[in-house]
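Asker: compute the structure for the input listed below.
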Amino acid sequence: MMNSLTPLLFILFFFFTIFINPSISKSPSLKLSTNSLSKSNNLVRVNWSGVDSPSQLDWLGIYSPPNSSLRNYIGYLYLNTSQNWQSGSGSITIPLINLRSKYKIRVFRWTESEIIPTRQDHDHNPLPQPKHLLAETEEFGFESGYGPDQIHLALTGETGEMRVMFVSGDGKENVVRYGLSSDRMDWVVGTRIGRYEREDMCDAPANNSVGWRDPGFIHDGVMVSLEPRKRYFYKVGSDAGGWSNTFSFVSPDENSGETVAFLYGDMGTATPYNTYIRTQDESISTMKWIARDIEALSDKPALISHIGDISYARGYSWVWDHFFNQIEPVASKVPYHVCIGNHEYDWPLQPWKPDWAMYVYAKDGGGECGVPYSLKFNMPGNSSELTGSRAPPTRNLYYSFNFGVVHFVYLSTETNFLKGSEQYEFLKKDLESVDRVKTPFVVVQGHRPMYTTSNEVRDRPMGEKMREHLEPLLVDNKVNLALWGHVHVYERFCPMKNYTCGSGPIHVVIGMAGQDWQPIWAPRSNHPDMPIFPQPAHSIFRGSEFGYTKLIANKERLTFTYIGNHDGEMHDKVEILANGEVVNGKITNTPFVERMDNDDGKGKDGKTSILWYVKGAGILLSGLLVGYLLGFMSRGKKEVVTNKEWIQLKTTEES
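Answerer: Purely as a prediction, here's the structure:
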């Protein structure tokens, strides 16, 4: 009986295959240009063919490790980005970085009817669903023996030293070889090895299967006995595991009469594929122009200062890997210094969250609770705060160092800075002890701004507390510049104290390095329907163009410029003399009448404030005494007005 049914079963199977389900007759194929990669950013070309009736939403998923659940891809690209995709064949070339595990590429069919509205990325686009797998490649990855990557430098705060950090996949012994010539790197120092685990993360997605990936082993070595202002060559690794490329840097000179620094906030990183979060393509331009400027310095030392919201990984581990690979071309040449931002730290159970900050601190850190930030960087000083969980203490919170003629100070706006806190006492002692003969200029930096004219309603309590507790320290100790991020624009203020121009630091918001959520300028309370706030007198210059700032100082003068990414040219400039005088961009004793919380000259009870009239009279008297100065400033103001035709790019949902 069985033998007689065999031909019939064969016929039925053939009929079903050909007529009922014709797509099975031609299985899609997927091929790679190479199965072996050597260094991060090597290219792999993915070729496919045989995709019947292609859908506009068919997509290619990138998986590492390759045995990840189909839902847990690290990134994706739509097949329609390939030319002639409608033919069912095409190719996409992807630069991949070493994630210390193998990769696999998969192709899926996806249609509009299968979109799940609740599965969205940060831009509210639907995330692809892996219901219909069409084809997949074999596992492929990076060869061993090519050495570590993610190399970046930092100052230690000690004379004659330079720290270098990097990542390896196995945690075996790695060293730093260095010397004054690329063919004579005879000095060798070992490295400390650090690591964090999934259980150290505080919340999702950092501690779940979607966001967590093996971070590798973090190596930390210090090159010592460096002569001042000499070019040193170095490489990292081992004979067994391979060596990195050879890099070089110019050692700092504590007696130098010059300082060069590049400063910005909120840069993030780019990825060559879509992922669960928005990544920052503009960061590529920021790095490109800074690399140009570093190359032009020749044998002058310099540093980079990134004041918070570093990678925007927000719990997706591989984004940190992309960030460090992206900055390596510059961070391997000059020290890369950071302070903590909300997207490195904030989570619901963070230890310091006073009542007034309940809506300031949220889930911006993606469950990382400062752990990757604390271990992947090692800044001078030993500031730390306990997390109240298994996670190691949060480091790199506040510190300072001298670099040439400038004393740089870094603060944490995410941990306690009120009077009586350890951070407040650090800042007070530090500022009071600065030798203004040796370092005539002082620059203080933190993430969330003390002053901004953007409509950052949620952060308003933060600014109030900073002005109450920290501003007196900055004013009394004659801080020259106070730099802030968090708001993704550039905005320079007058020398200011309590919203009044004339004395105090020049506050500058420099959060325009890459993140493209643009804020709305704060509307006036009596015109809340107006989308853009008229630029007030105390805001000297503001712009929404991506870019970075450059600081050049000698014993007599500090020059601070804003460089735009679209042309690499200067768009704003202010100069400060060693005696504190502002050479340009200064407004003389003009109080900010149009305050965001009280812009019509009236008190809280709605009655006109007597103090307002007194200040107004003071303005008139000052005008009579220094009319010629006001005339000069009016010309400067006209130049600023031409830059006030602001276009709202995007509304801000998170900073």
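Asker: low-confidence ranges in the stretch 1-150 of the chain?
Answerer: 1-26 (pLDDT under 70).
Asker: residue ranges of the helices in the stretch 451-600 of the chain, please?
Answerer: Secondary structure of the stretch 451-600 of the chain (DSSP state H, counting those that start in this stretch): helices at 460-469, 471-476.
Asker: and if you look at the chain?
Answerer: 2-15, 282-297, 317-331, 342-345, 371-376, 422-432, 460-469, 471-476, 610-625, 627-641 (DSSP state H).
Asker: got the contact list for the second one?
Answerer: By that I understand helix 282-297. With contact meaning C-beta atoms under 8 Å, 6 or more residues apart in numbering, helix 282-297 is reached by 250, 260, 262, 264, 267-270, 302, 304, 326-327, 329-330, 333-334, 513-514, 516, 546-548, 550, 563, 565-566, 568. From N, CA and C alone the C-beta is placed, and that goes for glycine too.
Asker: please repeat the previous calculation with a cut-off of 7 Å.
Answerer: Residues outside helix 282-297 that contact it (C-beta atoms under 7 Å, 6 or more residues apart in numbering): 260, 262, 264, 267-270, 302, 326-327, 329-330, 333-334, 513-514, 516, 546, 548, 550, 563, 565, 568.
Asker: now swap in the fourth one and tell me
Answerer: For helix 342-345, contacts defined as C-beta under 7 Å, 6+ apart pick out 309-310, 312, 314, 364-365, 368-370, 373, 394, 414, 447.
Asker: how distant is that helix from the center of its chain?
Answerer: Averaged C-alpha coordinates place helix 342-345 at 10 Å from its chain's average position (C-alpha atoms, centre = their mean, to the nearest Å).
Asker: buried residues, that helix. List them.
Answerer: If you call a residue buried by 16 or more other C-beta atoms under 10 Å, then helix 342-345 has these buried ones: Asn342, His343, Glu344, Tyr345.
Asker: ok, the first one to Met287 distance?
Answerer: The one in question is Asn342. 23 Å (C-beta to C-beta, to the nearest Å).
Asker: next one: the third one
Answerer: Remark: distance between Glu344 and Met287 (C-beta to C-beta) = 19 Å.
Asker: separation between Trp212 and Val509?
Answerer: Where Val509 is concerned, Trp212 sits at a distance of 34 Å (C-beta to C-beta).
Asker: with Pro348 instead?
Answerer: Taking C-beta to C-beta, one finds Pro348 at 27 Å from Val509.
Asker: so for these two, which sits in the more crowded spot?
Answerer: The neighbour count for Pro348 versus Val509, taken as other C-beta atoms under 10 Å, is higher for Val509 (28 against 13).
Asker: pull the contacting residues for that one.
Answerer: Contacts of Val509 (C-beta under 7 Å, 6+ apart): Pro449, Thr452, Trp484, Val487, Val489, Tyr490, Glu491.
Asker: need the contact partners of stretch 139-149.
Answerer: In contact with stretch 139-149 (C-beta under 7 Å, 6+ apart) are residues 32, 35-40, 66, 98, 101-104, 166-168, 174, 219, 236-237, 241-244, 325, 328.
Asker: in PyMOL, how would I select the buried members of those residues?
Answerer: Per 16+ other C-beta under 10 Å, the buried members of the contacts of stretch 139-149 correspond to this PyMOL selection:
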select buried, resi 37+40+66+98+101+102+103+104+166+167+168+174+219+236+237+241+242+243+244+325+328
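Asker: from the contacts of stretch 139-149, which land in strands?
Answerer: In strands, defined here by DSSP state E, the members of those are Leu32, Ser36, Leu37, Lys104, Phe166, Val167, Ser168, His219, Val236, Gly237, Gly242, Trp243.
Asker: so the fifth one touches Val236, yeah?
Answerer: Yes: between Phe166 and Val236 there is a contact at 5.2 Å, judged by C-beta atoms under 7 Å.
Asker: now do the shared contacts for those two.
Answerer: Pro148, Ile151, Ser244.
Asker: possible to save the residues you listed as TSV with distance to Asp430?
Answerer: Shown next, in TSV, are those (distance: C-beta to C-beta, whole Å):
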residue	distance to Asp430
Pro148	34
Ile151	30
Ser244	35
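Asker: which of the contacts of helix 282-297 are buried?
Answerer: 260, 262, 264, 267-270, 302, 326-327, 330, 333-334, 513-514, 516, 546, 548, 550, 563, 565.
Asker: circling back to that earlier point, and which of the contacts of helix 342-345 is nearest to Glu114?
Answerer: Taking C-beta to C-beta as the measure, Glu114 sits nearest to Arg314 out of the contacts of helix 342-345, at 26.7 Å.
Asker: surely that closest one touches Arg278?
Answerer: No: using C-beta under 7 Å, Arg314 is not in contact with Arg278, being 9.6 Å away.
Asker: if you count surrounding residues, which of these two has more?
Answerer: Between Arg314 and Arg278, counted using other C-beta under 10 Å, the more crowded position is Arg314 (24 against 18).
Asker: what's the closest non-adjacent residue to that one?
Answerer: Closest residue to Arg314 apart from its sequence neighbours, by C-beta to C-beta, 6 or more residues apart in numbering: Gly366 at 3.4 Å.
Asker: with the ones in strands among the contacts of stretch 139-149 in mind, which one is nearest to Ser181?
Answerer: Trp243 (16.3 Å).
Asker: apart from its chain neighbours, what residue comes closest to that closest one?
Answerer: Gly237 (3.9 Å).
Asker: can you check Pro449 too?
Answerer: Closest to Pro449 by C-beta to C-beta, 6+ apart is Trp484, at 3.5 Å.
Asker: mind checking pLDDT for that neighbour?
Answerer: pLDDT, Trp484: 98.
Asker: show me what contacts Gly169?
Answerer: Taking C-beta under 7 Å, 6+ apart, one finds Arg100, Gly216 in contact with Gly169.
Asker: how much space separates the nearest residue to Trp352 once chain neighbours are set aside from Ser55?
Answerer: Take Trp352 and drop its neighbours on the chain: the residue closest to it by C-beta to C-beta, 6+ apart is Asn416, 4.8 Å away. As judged by C-beta to C-beta, Asn416 and Ser55 stand 53 Å apart.
Asker: kindly report the same for Trp347.
Answerer: 39 Å.
Asker: quick check: Lys333 touching Phe249?
Answerer: Yes: if you go by C-beta under 7 Å, Lys333 and Phe249 touch, sitting 5.5 Å apart.
Asker: now the strands for the stretch 401-550 of the chain?
Answerer: 406-410, 441-446, 481-484, 490-497, 500-510, 539-543, 547-554 (DSSP state E, counting those that start in this stretch).
Asker: nearest to Ser181, out of these?
Answerer: Nearest of the strands of the stretch 401-550 of the chain (C-beta to C-beta): strand 547-554, 29.3 Å.
Asker: I figured Thr275 was touching Leu77, is that so?
Answerer: No: Thr275 is not in contact with Leu77 according to C-beta under 7 Å; the separation is 10.4 Å.
Asker: starting at the chain centroid, how far to stretch 409-420?
Answerer: On the basis of C-alpha atoms, centre = their mean, stretch 409-420 sits 20 Å off its chain's mean C-alpha point.
Asker: list the buried residues for it?
Answerer: Using 16+ other C-beta under 10 Å as the test for burial, stretch 409-420 gives Val409, Tyr410, Leu411, Ser412, Thr413, Glu414, Thr415, Phe417.
Asker: what does that stretch rub up against?
Answerer: Residues contacting stretch 409-420 (C-beta under 7 Å, 6+ apart): 339-340, 342, 345-346, 352, 385, 397-400, 423-424, 427, 430, 442-448, 462, 465, 469-470.
Asker: can you give me the pLDDT of the nearest residue to Tyr562 once chain neighbours are set aside?
Answerer: Excluding the flanking residues, the one nearest Tyr562 by C-beta to C-beta, 6+ apart is Asp572, at 4.0 Å. Asp572 is assigned 95 on the pLDDT scale.
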